[in-house]
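Asks: show me how the following folds:
(chains A and B)
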Amino acid sequence: MTTSSVSRYGIRVFALGYLALLLLVPIGVVLYRTFEPGVGAVWDSITTPAAVSAFWLTIEITAIAVPLNTIFGIVAALALVRSRVRGKRFLEALIDLPFAISPVVIGLALFLLYGRQGWLGPTFTNAGIQIIFSVPGMVLATIFVCLPFVVREVVPVLREIGDEQEQAASTLGASRWQTFLRVTLPAIRWGVAYGVVLSVARAIGEFGAVSVVSGKISGETITLPLLVENRFSNFDLAGAYAASALMAVIALAVLLAMTLLQRKGDAR
Amino acid sequence: MSTQAATPAAPAPAARPRNRRPRASARAGGVGGLGMGLAMLWLSVIVLLPLAALAAKSLDGGLSAFWDSVSSRQAVSALKFTLIVSVIVAAVNAVAGLAIAWTLVRDEFPGRKVVNAVIDLPFAMPTIVVGITLLALWGPTSPVGVNLAFTQLSVALALLFVTLPFGVRAVQPVLMELDRDMEQAAASLGASPLTTFRRIILPNLIPAILSGAALSFARAVGEFGSVILISGNKPFDTQVSSVFIFKQIESDNSRGAAAVAVVLLGVSLLMLIALRFIEYWGARHDH
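Replies: Below is the predicted model of the structure:
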């Protein structure tokens, strides 16, 4: 037994040590550095006009992108699991694509489509809508990077619950919409919620794709992650730490929501 | 696991009301052709159209211009470094992910649930904050006096941070589902713990470990936010492809940026195909 307990402790020490060194120690250090000048200074730093405007822009983009993706996610998941129409394989193969593509490549692709010389850029410009270096482009970038989250969480749940109850509802005369609202949606709600939480986390924190299309106009197209980079590049280390801490608080809330939702989903 | 892999059984036609034609697309709870059409349209407008514009732009100056952009010394060096560091990161994640998943599933210690929640932290943290965080410990103002900023090692650290959950979360569920009867049988027949691990447990985990490594690799190849501050973007040294593309965009060379982006896109597509293959292979070995 001694060799097995040695190996057990060995693996435990390695695993926890790795986690501590890679994740927890750096986070501890950055928190200490952030609050070294005092809580008041941190508060002042995250309530400057630039920071407040970055905060609200981040919320605005998230509030547009995540609901759109949630609707798409539910529809696409139903199409993938519950129907047998043509194009299913194609959709299934493409759905994960946004996860595999570099955020910079995503930003560049949007830039080239909606930019001044892009296929659609002049059309929108003539209609008086600016997409690149403006909020619509940042919303498009956010939708792109968050696309697969809800689909991926809902598909396995749909497979697991099967379709007996839906069939029963429809046999008893429920319309398709009624069946969805009364049977399918309640069954997949924790999966949807988990996907939404993941989308929100990614939408708030997205940097690469948004940074390419934002143009970084201060007070207009600077989100919180861009503000962090901006302050860091301007040697305002304390300001960058403070904005990071604000986002870290949001990340912790997200993590808490993830853990709680996982428990709900498991308990079902 | 098997319930997830099984496709839902086709409904018996007799159970349907008579006025409904038993068309496959109109199954109960389904969204039919309209839903599929809408999903495809959304995916095309959001994802495919921009990618098509990217591909078209990369070939703007013809194939030779494309090749010149892709094969420039700086682009090749950045791509080489990106691929090498991503392979290393994937390999480290395969080992560390297995060890952490093992500790979470098979080990008992106080605070296990907290550790389990902490694994997801890199998914919840914005990438730019990851960069700032790592710089606070390993940067010029390091409290332990180790300044790794602007080195290749710092790039690897940032990539290991953001890809940590992939390795763990791929292996963990498989390890939980693993039947322990076989292990007990092996042990009762006199196999040492190491032999049991090597001959019984590891073969069952290989598909999961591989898919965790592939996911880590795919994420590492494209990673940008966590790397941009800590790498220092030194050409021929710490410059990765995503940052190279970004610098090309900033210096108004969008055609050159598009060419390298298409190469990166090709790597992403290959990884997706590889993941599908691992999934298929793993499912076949499940039974």
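Asks: distance between stretch A:61-74 and the chain's centre?
Replies: 10 Å (CA atoms, centre = their mean, to the nearest Å).
Asks: average pLDDT for it?
Replies: The average pLDDT within stretch A:61-74 is 94.
Asks: and it, which residues are buried?
Replies: A:61-62, A:64-66, A:68-70, A:72-74 (16 or more other CB atoms under 10 Å in any protein chain shown). Backbone N, C-alpha and C define where each C-beta goes, glycine included.
Asks: which residue is nearest the middle of the chain?
Replies: Chain wasn't specified; assuming chain A. A:Arg202 (2.3 Å; CA atoms, centre = their mean).
Asks: switch to chain B, please.
Replies: Central residue of chain B (CA atoms, centre = their mean): B:Leu215, at 2.3 Å.
Asks: quick one: contacts for the residue lying closest to that residue once chain neighbours are set aside?
Replies: Sequence neighbours aside, B:Phe166 is the residue nearest to B:Leu215 in space, at 4.2 Å (criterion: CB to CB, 6 or more residues apart in numbering or on different chains). Residues in contact with B:Phe166, defined by CB atoms under 8 Å, 6 or more residues apart in numbering or on different chains, are B:93, B:97, B:212, B:215-216, B:219.
Asks: ok, then the element right after the host helix or strand of the residue nearest to the centre of chain B?
Replies: Assigned by DSSP states H and E, B:Leu215 belongs to helix B:202-222. Next along the chain after helix B:202-222, taking DSSP H and E as the criterion, comes helix B:225-231.
Asks: quick one: list the elements packing against that next one.
Replies: Contact here means 3 or more CB pairs under 8 Å, 6 or more residues apart in numbering or on different chains; DSSP states H and E; on that basis helix B:225-231 packs against helix A:224-233, helix B:127-138, helix B:152-177, helix B:241-250.
Asks: nearest to B:Leu264, of these?
Replies: Proximity to B:Leu264, assessed across the helices and strands packed on helix B:225-231 by CB to CB, is greatest for helix B:241-250 (5.6 Å).
Asks: state the mean pLDDT of the one helix or strand A:Val196 maps to.
Replies: In the assignment (DSSP H and E), A:Val196 maps to helix A:185-205. Taken as a whole, helix A:185-205 carries a mean pLDDT of 90.
Asks: can you mark which positions in it are buried?
Replies: By neighbour count with 16+ other CB under 10 Å, helix A:185-205 contains the buried residues A:187-205.
Asks: please parse chain A into its domains.
Replies: A:1-36, A:38-267 (automatic domain parsing).
Asks: and those domains as TSV, adding distance to B:Arg106?
Replies: TSV is the format used below for the domains of chain A (distance: least, CB to CB, whole Å):
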stretch	distance to B:Arg106
domain A:1-36	8
domain A:38-267	19
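Asks: give me the subset of the buried residues of stretch A:61-74 touching chain B.
Replies: With CB under 8 Å from any CB of the partner chain as the criterion, the buried residues of stretch A:61-74 include A:Phe72 near chain B.
Asks: ok, so of the buried residues of stretch A:61-74, who is nearest B:Thr133?
Replies: Nearest to B:Thr133 out of the buried residues of stretch A:61-74 is A:Thr62 (CB to CB; 21.8 Å).
Asks: distance check, B:Ala156 against A:Ala20.
Replies: Look at B:Ala156 and A:Ala20: by CB to CB, to the nearest Å, they are 18 Å apart.
Asks: who has more neighbours out of the two?
Replies: Set B:Ala156 next to A:Ala20 and count neighbours by other CB atoms under 10 Å in any protein chain shown: B:Ala156 wins out with 19 against 14.
Asks: the more buried one and B:Val85 touch, don't they?
Replies: Yes. In terms of CB atoms under 8 Å, B:Ala156 counts as a neighbour of B:Val85; the distance is 5.4 Å.
Asks: related to what we said a few turns ago, residues in contact with the helix or strand that the helix holding A:Val196 is followed by: which ones?
Replies: Using DSSP H and E, the helix or strand that follows helix A:185-205 in sequence is helix A:208-214. Here helix A:208-214 makes contact (CB under 8 Å, 6+ apart) with A:61, A:102-104, A:106-108, A:110-111, A:114, A:131-133, A:137-138, A:140-142, A:144-145, A:221-223, A:225-226, A:229, B:127, B:224-225, B:242, B:246, B:249.
Asks: please repeat the previous calculation with a cut-off of 7 Å.
Replies: A:103-104, A:106-108, A:110-111, A:132-133, A:137-138, A:141-142, A:144-145, A:221, A:223, A:226, B:224-225, B:246, B:249 (CB atoms under 7 Å, 6 or more residues apart in numbering or on different chains).
Asks: tell me which of those residues fall in helices.
Replies: If you go by DSSP state H, the contacts of helix A:208-214 have A:103-104, A:106-108, A:110-111, A:137-138, A:141-142, A:144-145, A:226, B:225, B:246, B:249 in helices.
Asks: the residue of the stretch 1-150 of chain A found nearest chain B: how many residues sit nearby?
Replies: Closest to chain B within the stretch 1-150 of chain A is A:Ser102: 2.9 Å, counting by CB to the nearest CB. By other CB under 10 Å, 27 other residues sit near A:Ser102.
Asks: so it makes contact with B:Phe224?
Replies: Yes. Using CB atoms under 7 Å, A:Ser102 is in contact with B:Phe224, at 6.2 Å.
Asks: buried residues in the helix or strand of chain A with the lowest mean pLDDT, which are they?
Replies: When the helices and strands of chain A are compared on mean pLDDT, DSSP states H and E, helix A:88-94 comes out lowest with a mean of 80. For helix A:88-94, a neighbour-count test (16+ other CB under 10 Å) marks A:88, A:91, A:94 as buried.
Asks: now do the SS call for B:Gly190.
Replies: coil (DSSP: H, G, I helix; E, B strand; the rest coil).
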